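Enquirer: Any chance you can model this:
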Amino acid sequence: MDYANVLKELEEACADFHVPATRVAAEQTLLAFQKTPNVLPVCQYILEHATNSMLLFHAVTAMKECFAREYADLDKPKVTELKNYLLNYVFQKPTLERYVCEQVLQVVAVIMKRSWQDLSDEEKESAFQGILGLIQANAHGQTLGIRLFSALTDEFSSTKASSIGLSWDFHFACKQSFERVYLRKILEQDLKILHEQLSRGDALHGAKCSEGLKATVSLAERILTWEFSEQCGQLMVGSFGDASDELVKKLVLPEDWTEILLNHDVLNLFFQLYTVVQRDEGAANHSRQCLVQLSGLRGPMFANEEVLCSYASCMLRGQLQLITSLSGMIHQENFEFGPAVLGVCEMINRLVDTVKLAVLCQMSEFFQYMTEIGKLTSTCLQHAATEVDDTWNMEAFDQLLEMWVTLVSKATDPYQSDAEPLKSSGFIPFLTNASSHVVEAYVQVRLEIAKQFIEDFDEDDGNFKDQDMYADQLIGVATLARMNPKQSIEALDGLLRQKFDLLRSHYQSSHAQFGDQHSVLFHEQIHWLLLIAGHVLCDGGQGEKPLVPDSLMRLSVAQDNSENNAIVSLSSAVFSMLEFLSLDPHEPMATFCSPLVAETLFWFIERWSRTYLLIEPQEYSHISASLAQAFGNGVGGQAILVALVDKLQSNFYQWNAEEEVLIQLIKIINTFAKTANIRNALLACEKFPVLIQFFTQHLGNFPEIVHSALIQAITLVISGASSEVQRQQYFGLVTGAVEKQFVAVLQRPDFNQVYQNSDVISQVLNSLDMLDGLALAADPFNTKYIHAFASRFFESLAQLLNIYQRHPEVEIQIIQLLSSLCKYLDFSELEAHQVRDFYLVIGNAIKVYSTQSLNKARDRNYDKQQENPYQDIVAFTKLLLALIVSEPSAADVAEILFFGTNQLIPLMTLEMLEIPKICGDYVELIAQLIDRYHDRLVNLPSDLFVSLMQSLEYALRHPIYDISRLAFQSIASLALFFANNPSAKEFLLPTMRKFLDQIMNMLLYEEFDMDLLEPASEALYLLIASQQEQLSVIAHTVIQQQVNPQVQVRLSGYFTHLQQSIPAVQTYPLMANCSAGFRDTLTKFLMDIRGVLRVK
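Expert: I've put the predicted structure just below:
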């Protein structure tokens, strides 16, 4: 090989790399060089003769690749010579670009790790001492040595190791050895150098740190974020981990690290370091991360509470100094306050989360510490109010809020073993007072931020609701408010009444106009007060009915004998606001009203109603008489319900053009429908028939987007009517409104001429959407009514499918309607012929849709640009899913299902399957088909059967857990059928062999989620039980791939033990879940074998 020509060629490639037209060819040249055999000599030539940093980098990279490939051909002296050459090279070239230098040091680290198991303990120690000698040589050598330690730490770690083509066992053994013997020594050396650097006082150049200090701090961070072997117990053997998650893990240290990291001098050194480097952005970030990790230490190193108390006391004092120093540095030059305050808040949060509350309370500085945290919380909020675009302060507040909530949780835990010491320490009153201050500050800041809203007034700004975006914040603040509910609720009550009085006065003044600054400010402030009040008074609760929070019930009980009940008063303030803002649209003041306030007001009422409206005493061990009187099923609660019925009607009229407001009003009706006692009272309310008539008569006046939801909501309510006559009457009104819409468009004399007009299509879609709303409300009590009405339009649906072949939005709506009917109708309530007829309709719709879709060119670019792409595929898949889970007793739907699936598969593309929802529904459909109809698989067309099996293969390796789990469960079901049905064995045998091969390959060679081990073990047991000879073939292949005889013997033993765990002679028929105990055997098998077979 002509080294000079190679050098010239690579120099040209590096030059061409910077030219867009030649970049690809240049990159290929450089990559090809890295793969060249026996390239070490030419690489050394390039290092000696080249000056181009990019070329030097690629030469060093090629050395690493070559060394990893050809290590077995190198003798030990050659390896040592190469390592020493590279170290001497970087030592002699202090002006080398940093990225080239670090690449050289990484190669040295790779050399040391690759040869680690071939070195004696003395040789390893000699190498370590050699690095120490480099550190002691001079300042440049010290920096190189520290960076080499960093490279070694990365190479021996679980997550950052280079790929050198060796087994997981090798990587893990190297890591354990390095961790056990050298990691602590490296940290001790790093701390020693760090102490010297800080003592000399020359580590800073203005605000910037020296390269040596940066390297030292960076190494410390690496070690403090190291994942110790004890922490890997929950990982599957053979998993190499993910470096992206490393920083978020808590540091669990071995017991023998106690002496170094629990030493107060060491802990104080890190605090001193931070005060020195905090103006250097990079070094400050590294040192902050060190302190964050040190603030959350845990593990066996804390042998007793005394050790924990000593550690916590030191960290608390250090953090206290950082907190107090922050206020004086806010405006200092070259100081990044945002990252600094966030880092300190993360430290605080970690410490409070880690250390027992009773231990913290024993410390003399604890109350001062908490007082300063309270001030810091206010500071973060104040800065968040004045610097709205700077998110650092609000993120810092979120950390502190989480800390306060943790304290409240610990202090109020009924199972807290240290309850008595906490009471005697006076911490509970302190926390109660502090919580009130945080809540008060948060409320004031939200009111202050509302002033910023004036400058950028846009009530439709974005699609995100504040109650969703700030859900964690609002829940946290509510938790703190409930520590002192009287003060918090009374303060909110006073502020809400004050802002409402100002708003009312402004509305009634001659200066008011929509969008003026005063209106915008009051609207935004009232919006936030309602959000906070709604979270304080009641929990969200999905599913079960949320009860009155305990602390609020205790407060209300305590106020039963007083004239003013805080909860009742605050609720009354909201209802007074509702009364005032419920205006006739023609009134002058109606033009000033805010859709945002209206929507938030109805959000509050919907949330409040779930907990308080018609409150039931039997749900509580002790209930407040004030709440029962004001909101219970007596005069008070009934009066509120009647008033709300009135307000629902008037506000539908008032906000008939505001979709978001109407949707929130419909949510109130839904809440009434799903809460039995409210629904029953609503049906008995004398104003309810008027409300239903209003909705059905004025449906056309509301935006089409709310029609379906409104029909669904009122149908859910009227389905609970106890009187058959009343139910029929209400259904007549609802179905009459839907039919009126249908008839108006379908029976137009000129329909055949105008059906493609956009306004006509819109009317058709609206009619279908309304019918879908009715279908979504179907249940056992109303199935007969809804089916009888919907069946009148089945023929029309078929006609519409044919008419609107070129309008996919109509197809989608029809398929969605049939899917809703299929999913929610109770077929046990229908006659057999009705069920058969319905499925004929579905079968015909599938045929029409399939024919049209297969003959239609699809615009992929259009689909990709949509917010919800491939809606027709989504709807079609959901229809088949609804069909398969409906289980009609009198109709055999298997033929329709397999036909529909056969039509769906050609339409499904990899692009579609990359969308989780589409993939999830599709795999669930395939899994359900196989699970329910496996006896029909043998008679399927071969192409359909192959497609179904390929779909399962794809799903097995899907990164989403639920999708992969479904695939394993489906294969287990199929394997059980295969084992118990001899007639199907010949047909299914090739498929079962393939699945066994695939699953074994996944388990042996690939990254694998341990959470999937249970469904995987069930599938694997059944596959092996029905074809043990295939496992022997797999075992033979795996064993023969190994060249080391000792490894072959080990693997043979592992496979033998696995096979022996499954009886050679099975008792048929096999039963589902027959693999009890096999999971433990499989786990041990994988723990043994994956370490040998998994390679990086």
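Enquirer: Look up how far residue 968 lies from the residue nearest to the spatial centre of the chain.
Expert: With distances taken as C-alpha atoms, centre = their mean, residue 960 lies nearest the centre of the chain, 12.0 Å away. As judged by C-beta to C-beta, to the nearest Å, residue 960 and residue 968 stand 13 Å apart. Every residue, glycine included, has its C-beta placed from N, CA and C.
Enquirer: Then residue 713?
Expert: 40 Å.
Enquirer: what sits against the residue nearest to the centre of the chain?
Expert: Shown in contact with residue 960 (C-beta atoms under 8 Å, 6 or more residues apart in numbering): 916, 919-920.
Enquirer: how does it look with 10 Å?
Expert: 916, 919-920, 923, 966 (C-beta atoms under 10 Å, 6 or more residues apart in numbering).
Enquirer: Show the end-to-end separation of stretch 155-171, please.
Expert: Using C-alpha to C-alpha, to the nearest Å, one end of stretch 155-171 lies 9 Å from the other.
Enquirer: looking only at pLDDT, what's the mean for it?
Expert: The pLDDT scores in stretch 155-171 average 84.
Enquirer: Just the buried residues of it, please?
Expert: 155-158, 161-162, 164, 166-171 (16 or more other C-beta atoms under 10 Å).
Enquirer: nearest to residue 66, of those residues?
Expert: Using C-beta to C-beta, residue 164 is the member of the buried residues of stretch 155-171 that lies nearest residue 66, at 11.5 Å.
Enquirer: Look up how far residue 339 lies from residue 280.
Expert: If you go by C-beta to C-beta, the gap between residue 280 and residue 339 works out to 12 Å.
Enquirer: Tell me which of those two has more neighbours.
Expert: For residue 280 versus residue 339, the count of surrounding residues by other C-beta atoms under 10 Å is larger for residue 280: 24 against 17.
Enquirer: list the helices and strands whichever helix in the chain runs longest packs on?
Expert: Ranked by residue count under DSSP state H, the longest helix found in the chain is helix 427-455. Under the contact definition 3 or more C-beta pairs under 10 Å, 6 or more residues apart in numbering; DSSP states H and E, helix 427-455 sits against helix 357-361, helix 366-386, helix 392-412, helix 419-425, helix 471-481, helix 485-508, helix 517-537.
Enquirer: which residues of the stretch 501-650 of the chain score low on pLDDT?
Expert: Within the stretch 501-650 of the chain, the ranges that satisfy pLDDT under 70 run 510-515, 543.
Enquirer: in it, which spans are strands?
Expert: For the stretch 501-650 of the chain, no strands turn up when DSSP state E, counting those that start in this stretch is the criterion.
Enquirer: which stretches of this protein form strands?
Expert: Here the chain has its strands, by DSSP state E, at 204-205, 208-209.
Enquirer: which one of these lies closest to residue 778?
Expert: Across the strands of the chain, closest to residue 778 is strand 208-209 (C-beta to C-beta), at 69.0 Å.
Enquirer: chain center to the closest one, what's the gap?
Expert: Counting by C-alpha atoms, centre = their mean, to the nearest Å, strand 208-209 is centred 38 Å from the centre of its parent chain.
Enquirer: now stretch 60-80
Expert: Worked out by C-alpha atoms, centre = their mean, stretch 60-80 lies 43 Å from the chain centre.
Enquirer: do stretch 1003-1019 as well
Expert: In this view, stretch 1003-1019 has its centroid 22 Å away from the chain centroid, taken as C-alpha atoms, centre = their mean.
Enquirer: Now do the end-to-end distance for it.
Expert: Termini of stretch 1003-1019 sit 12 Å apart (C-alpha to C-alpha).
Enquirer: Quick check: buried residues in it?
Expert: Of the residues in stretch 1003-1019, 1003-1004, 1008, 1012-1013, 1015-1019 count as buried by neighbour count, 16+ other C-beta under 10 Å.
Enquirer: any idea of the mean pLDDT for it?
Expert: Per-residue scores along stretch 1003-1019 average to 88.
Enquirer: What of stretch 25-45?
Expert: 91.
Enquirer: Kindly export that stretch (C-alpha atoms) in PDB.
Expert: Output in PDB follows, covering the C-alpha atoms of stretch 25-45 (Å, rounded to 0.1, in the frame of the first residue of the first chain):
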ATOM      1  CA  ALA A  25     -18.700  10.500  -2.700                       C
ATOM      2  CA  ALA A  26     -16.200  11.900  -0.200                       C
ATOM      3  CA  GLU A  27     -18.100  10.400   2.700                       C
ATOM      4  CA  GLN A  28     -18.100   7.000   1.000                       C
ATOM      5  CA  THR A  29     -14.400   7.200   0.500                       C
ATOM      6  CA  LEU A  30     -13.800   8.000   4.200                       C
ATOM      7  CA  LEU A  31     -16.100   5.200   5.300                       C
ATOM      8  CA  ALA A  32     -14.500   2.700   2.900                       C
ATOM      9  CA  PHE A  33     -11.100   3.600   4.400                       C
ATOM     10  CA  GLN A  34     -12.400   2.800   7.900                       C
ATOM     11  CA  LYS A  35     -13.300  -0.700   6.800                       C
ATOM     12  CA  THR A  36     -10.000  -1.400   5.100                       C
ATOM     13  CA  PRO A  37      -8.200  -4.500   6.600                       C
ATOM     14  CA  ASN A  38      -4.800  -4.100   8.400                       C
ATOM     15  CA  VAL A  39      -5.000  -0.300   8.300                       C
ATOM     16  CA  LEU A  40      -3.200   0.400  11.500                       C
ATOM     17  CA  PRO A  41       0.300   1.200   9.900                       C
ATOM     18  CA  VAL A  42      -1.200   3.600   7.300                       C
ATOM     19  CA  CYS A  43      -3.200   5.300  10.000                       C
ATOM     20  CA  GLN A  44       0.000   5.900  12.000                       C
ATOM     21  CA  TYR A  45       1.600   7.300   8.800                       C
END
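Enquirer: What about residue 469, how many residues nearby?
Expert: By other C-beta under 10 Å, the residues close to residue 469 number 11.
Enquirer: my bad, residue 287
Expert: 28.
Enquirer: quick check: domain ranges of the protein?
Expert: 488-544+562-681, 974-1093 (the TED database).
Enquirer: Rebuild those as JSON lines, extending it with distance to residue 738.
Expert: Output for the domains of the chain, formatted as JSON lines (distance: least, C-beta to C-beta, whole Å):
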{"stretch": "domain 488-544+562-681", "distance to residue 738": "16"}
{"stretch": "domain 974-1093", "distance to residue 738": "44"}
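Enquirer: Of all those domains, which one is nearest residue 896?
Expert: That would be domain 974-1093 among the domains of the chain, by C-beta to C-beta, at 21.3 Å.
Enquirer: And the closest one, how far out from the chain middle?
Expert: That offset, for domain 974-1093, works out to 33 Å (C-alpha atoms, centre = their mean).
Enquirer: Is residue 322 in contact with residue 351, as I believe?
Expert: No: assessed by C-beta atoms under 10 Å, residue 322 is found out of contact with residue 351, at 11.7 Å.
Enquirer: anything in contact with each of the two?
Expert: residue 291.
Enquirer: about what we covered before: ranking the helices and strands packed on helix 427-455 by mean pLDDT, which is last?
Expert: helix 419-425 has the lowest average pLDDT among the helices and strands packed on helix 427-455, namely a mean of 65.
Enquirer: pLDDT weak spots in the stretch 851-1000 of the chain?
Expert: In the stretch 851-1000 of the chain (pLDDT under 70), the answer is 857-865, 887-891.
Enquirer: Please enumerate the helices of it.
Expert: 860-865, 871-886, 894-907, 910-913, 916-933, 942-956, 961-980, 982-1005 (DSSP state H, counting those that start in this stretch).
Enquirer: Counting by contacts, list what the second one packs against.
Expert: In other words, helix 871-886. Short answer (3+ C-beta pairs under 10 Å, 6+ apart): helix 871-886 packs on helix 808-824, helix 832-854, helix 860-865, helix 894-907, helix 910-913, helix 916-933.
Enquirer: got the buried residues for it?
Expert: Quick answer for helix 871-886 (16+ other C-beta under 10 Å): 871-884, 886.
Enquirer: Tell me the one among the residues you listed nearest to residue 754.
Expert: Nearest member of these to residue 754, counting by C-beta to C-beta, is residue 872, at 24.4 Å.
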